[in-house]
Structure formats: C-alpha cells, structure tokens
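Q: Provided below for reference: sequence and predicted model.
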Amino acid sequence: MTQTLTAIQRSLLDGRIIVNGDLHPEFDIPRGQRLLIISQDQSFLTHGFHKYPAKFFPELPRWLIRKYTDRGPVLDPMAGSGTVNIECLLQGIPSIAIDIDPFAQLLTRVKTTPLDEELLECTWEWIQAELNDRYPESHIMIPDFPGRDDIWFRQDITRELGIIKGAIERVPLAFDLEPRQSQKYKDFYYICMSSIIRAVSNADDHCTRTVVRKRLNKRIEKGDAFRRFIEVSRTNIQNMIQFSRVCPSNVQVEILEDSDARNTGLPSCSVELAVTSPPYINAVDYTRTHQLEMYWLGIIDPDDGPLAEMKRQHIGTESVLKKDYEDLKTFGLPSLDAVLESIYRVDPRRSFIIYKYFVDMKENFREIFRLLVPGGRYCVVVGNNVIRGHRIKTHEFFTEIASDIGFEVENYFVSEIIRHFIKVPRKERINDDWVIIFRKPTGD
Ligand SMILES: C[S@@+](CC[C@H](N)C(=O)[O-])C[C@H]1O[C@@H](n2cnc3c(N)ncnc32)[C@H](O)[C@@H]1O
C-alpha cells in the first residue's frame, strides 16, 4: 500500500520511517522497522484532560484499531487514561477498559462520557460564581490525609481546593439533577480539579512520584488553585463540547471496576482485538503518582489502610515482601533466568521484582489468549528499561512467553518516543517502545 507521500518520509540517514500524524490503516509496517510517529493531536478532544505516565499518543492505537478490527469489541486490559477506549469510541467500535487503579477508571469514564452542552455551561457558570473567599465555611470540604498541612499544601491553597470541592459536590443540589446524571457532571469537574492538584501542591510537578524536593524553586501564589481550576475547566469544557458533538450515542465503553488484567472475569472468545501498554518494570508507581489527587477526590481514604496494599496489586510493583526474595526465583526461560541470577547477586529485591513482573505478564498473556476469538490480535506496546545496569529485553521475553502460550508473532516494530513524563536518570531512559502484534491462531 502506498502511504500518502506527505505523511511519510523515509529518513535517508538511518532507514527509519518518519510519520507526521496518522498512519494509513492499510500501510504494512515492515518487520523490525524503526518508526518515528510525530503526534499531531495529543490533546485532541478529551485526550488531554489529565497527565498520565506512559500514556499512548493517539495515533498508534488509532492505527492498530483501524487495521485490526471493524466491529470489536476491543479490550485494553491496562487502560490507564483510556486512550484506546476514546479512539474506539470515535471509530464507532465498542470497547472494554480494565485498570486496577480506581483513579484510571474514573479518568477513563470521564473521558469517554459525553455531556450536554447547555448543562455544562450553566453548571460552570454556577460553580465559578461560588469560587470566592466568602464561601460559607460549612460548605468547604477538606479531606483529612497524612502530611496534608505539613508537607503537601499551603493552608490557603487547601482552603481554595476545599471550596472547589464543596462547590462541585453541591452541583446536584443547585440543579436538582437525578443521581446518575449528577455523577457525570461531578466527575467531569473532579477531573478538572484533579489535573491542577499537583501544580498547586508543594510537590515536584515533573516527577511521576509525588515528592517535595528541598531545592525545588516552586512559587505558588494565593488564588492559584482558583485561577488554575478556572483555566483548566474552560479548556476542558470546550473540548468536552467538541467531543460530545462527534461522539456516537450508541457505542458502548464498558469500564470494569473489580477486574484485573490477569483475571478479567470476561467470557472466553468474546474479544476481537486487545491493545495495551503494560507498565514498565519497576519504573512508575501509579498509586503514588496520584496519591494527592486520590485523597482530594475521595477515591482513597487514609483509614482504609496503607497505600502499599493497593500497590501490591499492580503489575510491575516494587512493593514486595522480604520473605519473597530470600531465595533466587527463576522463571524457566534461560535468557531471563541468567538476568535474574546476575541481578540477584547484587540486589535480590530487584531480581524478585523482575521475576514477579514476568510471572504476572504470563498470566495476562494466558488470560488474553482465552478472551480472544480465533484470529484475534493482542497488540502490546512496551519499552525495555535498565535495572541495575542490565537492559531488560522485555519485548524478547514477552515474545517467548506469548509464543509458549500459543500466540503467533504477526509483526513487531519499534516506535521512538519523543516526550516523557517519566523522569528517570538519563542512562536508564526508555527511548523506544516495541510494538508487538500477537495473533491467536485460527486452528485451520
Ligand atoms: C502504561 S499505563 C497505561 C497507559 C495507557 N496506555 C494510556 O494511554 O493512558 C499501565 C497501566 O497498567 C495498570 N495496571 C497495573 N497493574 C494492573 C493490573 N493488575 N490489572 C489492570 N491494570 C493494571 C496501571 O494502573 C496503569 O494504569
């Protein structure tokens, strides 16, 4: 297939393909090809509502969806901020989102739920009028959580956030909305509020972990929470209006709440295509990334127990128990076991973290194999990170693991990454993503 000449240029220097924006669905990427997709629309419609670590740029899942399915359903078993689901919706294809993280579930729900233009505009007028220092004390809603006043927030900012939260909570009362309807508008404004929390906190804005750095030269002014919330909400309202105008009304996005990529609870042979980017091993602590946002939104309550419990459920978690790495654990793949052994000598804990990651991902491959219809594809996008001086060739191990389960490798290529929200030391950066397309055989 000839991709339009304006969209693709072949770089003469290194043989990689550079794509400006969308890839044509009929374009067949040569096996092993390096590709640089220059994203044109990362904040298009609802895509830009919130920062999320290792988020897809929309062009990649859009191409995979257009190429490998025309009716779905499509599953993203580690959906994160819901990029795959938004793209499915815009293509008119039903989809399912699973993510262990309740914040990711909320974000995906908001980004895939159209809202009424008029109601958005009048609820916004109302909220905006509430945001002032004369707001009644009894309506201010400030959650209690560890370190709120002595580490994370200035008191005047806490008060402003408490007023914003109070106003959002009172929208249903002011407009007499029925509960399902009111929840949609509340969630939308909560995501607007969530997207400014890091910026108005004392924590570093550019790190996936929530940390306060002594030498961080961050200036926060009185009124910043109000100002930023108003700015973000205005932009998001415009984007939500555009999204709601083009969003088909009869296409389902199912967001499963109590599901796990390793054990979804979905029926066998019920999915035509799965597309995902699993977490990198030991790179992003998703629970800690959004801990302040989750406290403010009421998604987690400090009384529910330590965050470590939540973290343990995550694939790629570094929250492991000492007794688990008293002995060397081997996986059964000679190439992987050699890495595990070598790292165990210097860092038994990290060796176990890597081992557990592949055990969990094996369960995920087995589960997706069960869910796919014969001939269905599982497209996995993953980077190889460096741990204790070893570059872990995750894509190669995935290929071996998935092949053992019964998948065929239909294609693979490298997608170069330009932008990072993941801040890691330079030599440990993940500069390439591998895109591997696995196919469940038809049995013919
Ligand atoms: C790299 S992110 C996905 C980003 C996504 N592609 C996007 O565009 O936003 C990986 C996701 O895997 C999720 N995850 C980790 N362990 C999981 C599990 N056991 N089941 C489901 N999701 C899981 C994390 O919460 C995280 O949101």
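A: Great, that's in hand. Numbers count the residues shown, from 1 in each chain.

Q: right, and the helix or strand after the helix or strand where Leu35 lies?
A: Counting by DSSP states H and E, the element that carries Leu35 is strand 34-38. Once the chain leaves strand 34-38, the next helix or strand it forms, by DSSP H and E, is helix 59-68.

Q: Show me what counts as buried in stretch 119-139.
A: If you call a residue buried by 16 or more other C-beta atoms under 10 Å, then stretch 119-139 has these buried ones: 120, 123-124, 127, 130-131, 135. Backbone N, C-alpha and C define where each C-beta goes, glycine included.

Q: Per-residue pLDDT of the most far-flung residue of the chain relative to its centre, please?
A: In the chain, counting by C-alpha atoms, centre = their mean, Arg134 sits farthest out from the average C-alpha position, at 37.7 Å. The model reports Arg134 with a pLDDT of 84.

Q: rewinding a little: which of the buried residues of stretch 119-139 fall in helices?
A: Among the buried residues of stretch 119-139, the members falling in helices are 120, 123-124, 127, 130 (criterion: DSSP state H).

Q: quick one: which of the residues you listed is nearest to the ligand?
A: Closest approach between these and the ligand, by C-beta to the nearest ligand atom: Leu120, at 23.9 Å.

Q: For the closest one, give me its contacts.
A: Taking C-beta atoms under 8 Å, 6 or more residues apart in numbering, we find Leu120 in contact with 185, 188, 237, 240-241.

Q: repeat for Pro302
A: Pro302 neighbours (C-beta under 8 Å, 6+ apart): 144-146, 295.

Q: I'd guessed Arg159 sits against Ile142; true?
A: Yes - Arg159 is within contact range of Ile142, at 7.4 Å (criterion: C-beta atoms under 8 Å).

Q: Look up phi and psi at Phe153.
A: Dihedral pair for Phe153: phi -140, psi 150, per degrees, to the nearest 10.

Q: That one and Ile220, how far apart?
A: 9 Å (C-beta to C-beta, to the nearest Å).

Q: quick one, which of those two is more surrounded?
A: Using other C-beta atoms under 10 Å as the criterion, Phe153 and Ile220 rank with Phe153 on top: 24 against 16.

Q: residues contacting the more buried one?
A: 161, 200-202.

Q: Which of those residues sits closest to Gly375?
A: Ser201 (48.4 Å; C-beta to C-beta).

Q: okay, now the closest residue in space to that closest one that isn't next to it in sequence: neighbour count?
A: Leaving aside its sequence neighbours, Ser201 sits nearest to Trp152 (C-beta to C-beta, 6 or more residues apart in numbering; 5.1 Å). Applying the criterion other C-beta under 10 Å, we find 21 residues in the vicinity of Trp152.

Q: Hmm, Leu292 and Trp152 touching each other?
A: Yes - using C-beta under 8 Å, Trp152 is in contact with Leu292, at 5.9 Å.

Q: Identify the contacts common to those two.
A: Common contacts of Trp152 and Leu292 (C-beta under 8 Å, 6+ apart): 201, 203, 210.

Q: residue contacts, the second one?
A: Put plainly, it is Ala203. Going by C-beta under 8 Å, 6+ apart, Ala203 touches 152, 210-212, 292.

Q: 7 Å - rerun?
A: Residues in contact with Ala203 (C-beta atoms under 7 Å, 6 or more residues apart in numbering) are 152, 210-212.

Q: And the furthest pair within the residues you listed?
A: Greatest spatial distance among the contacts of Ala203 (C-beta to C-beta): Trp152 and Val211, at 10.4 Å.

Q: near the ligand, which residues of the chain?
A: 52, 54-56, 77-78, 80-81, 83, 98-101, 104, 260-262, 277-279, 286, 313-315 (C-beta under 6 Å from any ligand atom).

Q: quick one, strands of the stretch 151-300 of the chain?
A: With DSSP state E, counting those that start in this stretch as the criterion, the stretch 151-300 of the chain has strands at 253-256, 271-276.

Q: Out of those strands, which one sits most buried?
A: Across the strands of the stretch 151-300 of the chain, averaging neighbours per residue (mean count of other C-beta atoms under 10 Å) puts strand 271-276 on top, at a mean of 26.

Q: Parallel or antiparallel, which strands does it pair with?
A: strand 74-76 (parallel), strand 372-382 (parallel) (DSSP bridges).

Q: Point out where the chain drops to low pLDDT.
A: By pLDDT under 70, the weakly predicted segments of the chain are 1-14, 216, 305-306, 418-430, 444.
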